[in-house]
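> kindly return the folded structure for what I paste below:
(chains A and B)
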Amino acid sequence: MLYREVGQFKTSYAADQAIFPIAQDRWFVIGVLLFAFLVVPFFITPYMANAILLPFLVFGLAALGLNILTGYCGQLSLGTAAFMGVGAYSSFKLMVLFPELNLVIVFLLAGLITAAVGMVFGLPSLRIKGFYLAVATLAAQFFLVWLFYKWDWLRDYSLTGQITVPPSDFLGVPMTGSRADPAAKYLLALAMVTVLALGAKNLVRGRFGRSWMAIRDMDVAAELMGIRPLAAKLSAFGVSSFYVGVAGAMMFTLWLGAAEGGDSFGIQTSFLVLFMIIIGGLGTVLGSFLGAAFLVLMPIVLKNTMVDMLGMTTVFAKHLEYVVMGVLIIGFLILEPHGLARLWQIAKEKLRLWPFPY
Amino acid sequence: MPRFRLMKPATTAALAVMAAGTAGAYELVIPALDFRTGPYAPNGIPFANGYADYFTMLNERDGGLCLKEGECAKFKIVHCETEYNTQKGVECYEKTKGEPPSGGLVYQPLSTGITYQLIPKASVDEIPVFSMGYGRTSATNGRVFKWIFNPPATYWSQASALIKYIGDREGGIENLKGKKIHLLYHNSAYGREPIRTLEALAKKHGFEFNGIAVDHPGQEQKSAWLRIRRERPDWVLMWGWGVMNQVAIKEAVSIRYPMDRFIGVWWSGSENDVRPSGEAAKGYLSGTFHARGADFPAHRDIIKYVYDGGKAVDPAFKDRVGEVLYNRGLVAAMWTTEAIRTAMKMHNTIEVRGKHVRDGFENLDVDEARLKELGLEGFTIPVKITCENHEGPGKVAIQQWDGKSWNIVSEGYYEPDREVVNRLIKEDSEKYAKDNNITPRDC
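As a prediction, this is how the structure comes out:
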């Protein structure tokens, strides 16, 4: 009823190619963004920022990055966490070397450095595919974490391998370090994620995205049609790593404030991001955020419900949480193997016909 | 008896209190960042139980912590499960720091990684962090790290004390020249903490030092022990935690490494760590700063009021009260309560907050006489903290596993090598102050 596009005529090519061709979608997204930008900062608490919103934004961006590589281009990667680490350590080093540098520029430079590193590790993808490529990226994961510990200069000769973000300002507002304001951190992260997600959405609809998808669907056919595998695969690795690198830089500077090779950027984080895109939906921008929301927020919601509202002990709640999360993941994958984004799409199709389905 | 208690005993108690109409009473909020699940749970559980039980015992026996007769505040323990994971630890911190009525009074993260996260937050939120014998060593410098306390001794003090012990066993520190000492460490901020000190000591005493990293969670150590078998070090030190300890000791047994030349940090020396190897681990050594056993009056009160009173978080733990890590949780709770008591006296109120408790820690003085009053005579070393020295005594004892229990074998406590350790602390804390624009305060 509400969700019907009767009467919405597209009178120009631009309208036909819009990201959200249906007016309701467009208004809904604009509404969510307005709410996130204009309302949330007024009632944000440090708990909301540091435990819920920043992790969601950071992992949403990282999942988006991996989704470009795995979901759109079909190249399986297990090195996501290490690339986040590259972003984090680059941002740390940039902030130490150039304390006056604007934080957004730090993020972008950290992303570019990660993109370069990602493309180097993407080179094997030209020769090996599928599971074998996964193993090659696994090597990147372990090599980079080893490097974070080994290379003293990278962590500014810190004794323990821990890096701690130096205090810095952004437009006169303390943004990193202990004095940072949660609302400011949230807004900066949200702005970065919004711009980058919009960029990704346009990228995957354009020439690059189409060449990635052609490679994903059948690389030999794509090559015969004139798509160069080298350019397509390496650009996917580059763009993907850029996103992942920015996510890592934000994770370190805005969210955690201190990080450490194996603890923050270990293989378990790589798997977490991979699960996000599998559950959220491979090859969709929305799916990256849905998957991140599911895996970041669900445990916190479950924990808070079970411990605070139902009065369970923390141990029992934790064990129950493992069970519930496992069942939910299996359930979702059986009901809808294409992920949460596909569920959303089906719901939309049904809504468009409601209340007179045929 | 159920294996796990499903509901918090505190919930029913809280309901009863509310029903009685005394809900407005001031309470001292103690956030407990436990890890009872995951690969570090074998070590996390005893500590968490010891920590919680001591507060519960004071609640039940004395009605909490009293400034004077009839003016008491009960402890309110807020549990939060971290799984020894840094990010979950931060979530727990944010969740519990504002818990009414007092707010979190002091944090005991029991994780070096989480401690590093809390160090910058502590000064802003005005909540002290009590990283007992772990965390950032250079936080000892109270002039820079106003809110962090790490008594009774740091990893650097401990590393130098272990080297002194090795010196004694070799018949004099000068005999260390040319000896080979390997360090098997958990590849994290925690495990890497002693490396700088051991390198400095290697230079000073002329022994050969090698570090071997073991990655989280520490189950895979075959290559590390192959290397030890090949290189035949004279001594092996270990900075391990959780399942890593058990695996390392089993591996040492399987390559027939002499167990009495294998020394663990004090986090690698509990019953859980040696039990899987049992008799074969006989002779294995570790650092410690308190006794084991449940024969102290305080322990008898815990059994009586907490376990027999049905107030325990983990009722199935009763037979294990007095284990090394249980006692470590207890000693942490004891120093914490003494700090809060000091804070109450200093500010002459029971309604203390985090910033008052910080003052309490900075003036903490628990001597032999006080330990006796607390029912813990001879349990641990006297601790006195000052404005500039947040570490306190820095002394370490050595205990040995005899196949059945842990016993202290060193004669008294080892003093750290102040010359080396203090220089490193000064360097590191001054660098921290410079990087973070902190002006060291005067003491």
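
> with adjacent residues omitted, what lies nearest to residue A:275?
residue A:295 (6.2 Å; C-beta to C-beta, 6 or more residues apart in numbering or on different chains). Heads up, the C-betas are built off the backbone N, CA and C, glycines and all.

> wait, a helix at that neighbour?
Yes. Assignment of residue A:295 by DSSP: H, G, I helix; E, B strand; the rest coil places it within a helix.

> from residue A:286, how far off is it?
Note on residue A:295: its distance to residue A:286, by C-beta to C-beta, to the nearest Å, is 15 Å.

> which positions in chain A make contact with chain B?
Taking C-beta under 8 Å from any C-beta of the partner chain, the part of chain A that reaches chain B is made up of A:46-47, A:50-51, A:55, A:96, A:149, A:159-162, A:164, A:166-167, A:177-179, A:256-258, A:260-264, A:266, A:300, A:303, A:307, A:311-319.

> of these, buried ones?
A:46-47, A:50-51, A:55, A:149, A:159-162, A:164, A:166-167, A:177-178, A:256-258, A:260-264, A:266, A:300, A:303, A:307, A:311-319 (16 or more other C-beta atoms under 10 Å in any protein chain shown).

> okay, and for the chain, where does confidence drop off?
No chain was given, so I picked chain A. For chain A, the stretches with pLDDT under 70 are A:1.

> not quite, I wanted chain B
Across chain B, the ranges flagged by pLDDT under 70 are B:1-24.

> buried stuff in the top helix by length along it?
Secondary structure of chain B per DSSP state H: the longest helix is helix B:324-347. For helix B:324-347, a neighbour-count test (16+ other C-beta under 10 Å) marks B:324-344, B:347 as buried.

> in strands, which of the residues of chain A next to chain B appear?
Among those, DSSP state E puts A:162, A:164, A:258, A:260 in strands.

> same list (those residues) but as CSV, adding distance to residue B:407.
Supplementary listing: these in CSV, determined by distance: C-beta to C-beta, whole Å:
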residue, distance to residue B:407
A:162, 36
A:164, 40
A:258, 39
A:260, 36
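
> tell me the two of these that are most distant?
Using C-beta to C-beta, the pair of those lying farthest apart is A:164 and A:260, separated by 9.9 Å.

> which residues do these two both contact?
residue B:116 (C-beta atoms under 8 Å, 6 or more residues apart in numbering or on different chains).

> can you list the domains in chain B?
Following automatic domain parsing, chain B resolves into domains at B:9-154+B:293-393+B:427-435, B:155-290+B:396-417.

> is the shortest one in proximity to chain A?
So that's domain B:155-290+B:396-417. Yes. With C-beta under 8 Å from any C-beta as the criterion, chain A is reached by domain B:155-290+B:396-417 at B:187-190, B:192-193, B:195-196, B:213, B:215-216.

> ok, residue B:265 - contacts?
Here residue B:265 is in contact with B:155, B:158, B:194, B:237-240, B:286-287 (C-beta under 8 Å, 6+ apart).

> just those: which are in strands?
Judged by DSSP E, the contacts of residue B:265 include B:237-239, B:286-287 as members of strands.

> mind listing the helices for the stretch 201-350 of chain B?
B:222-231, B:243-254, B:271-274, B:297-301, B:324-347 (DSSP state H, counting those that start in this stretch).

> err, the stretch 1-150 of chain A, not the other one
Using DSSP H, counting those that start in this stretch, the helices of the stretch 1-150 of chain A run over A:13-16, A:23-34, A:40-43, A:46-47, A:54-66, A:80-97, A:103-122, A:130-150.

> nearest to residue A:226, out of these?
Taking C-beta to C-beta, helix A:103-122 is the member of the helices of the stretch 1-150 of chain A nearest to residue A:226, at 21.2 Å.

> packing partners for that closest one?
Counting contacts by 3 or more C-beta pairs under 8 Å, 6 or more residues apart in numbering or on different chains; DSSP states H and E, helix A:103-122 packs against helix A:80-97, helix A:130-150, strand A:168-170, helix A:182-205, helix A:229-250.

> surely residue A:330 is in a strand?
No. Assigned with three-state DSSP, residue A:330 falls outside any strand and is helix.

> re the thing from before, make a markdown table out of the helices and strands packed on helix A:103-122 and add distance to residue A:277.
Shown next, in a markdown table, are the helices and strands packed on helix A:103-122 (distance: least, C-beta to C-beta, whole Å):
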| stretch | distance to residue A:277 |
| --- | --- |
| helix A:80-97 | 10 |
| helix A:130-150 | 14 |
| strand A:168-170 | 30 |
| helix A:182-205 | 13 |
| helix A:229-250 | 11 |
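
> out of those, which is closest to residue A:343?
helix A:182-205 (19.4 Å).

> which parts of the closest one are buried?
A:182-190, A:192-193, A:196-197, A:200-201, A:203-204.

> just stretch B:402-411 next, same as before
Buried residues in stretch B:402-411, counting neighbours by 16+ other C-beta under 10 Å, are found at B:406, B:410.

> run the chain-centre distance for it.
Here stretch B:402-411 is found 19 Å from its chain centre; the criterion is C-alpha atoms, centre = their mean, to the nearest Å.

> what's the first-to-last distance across it?
Start and end residues of stretch B:402-411 are separated by 17 Å (C-alpha to C-alpha, to the nearest Å).
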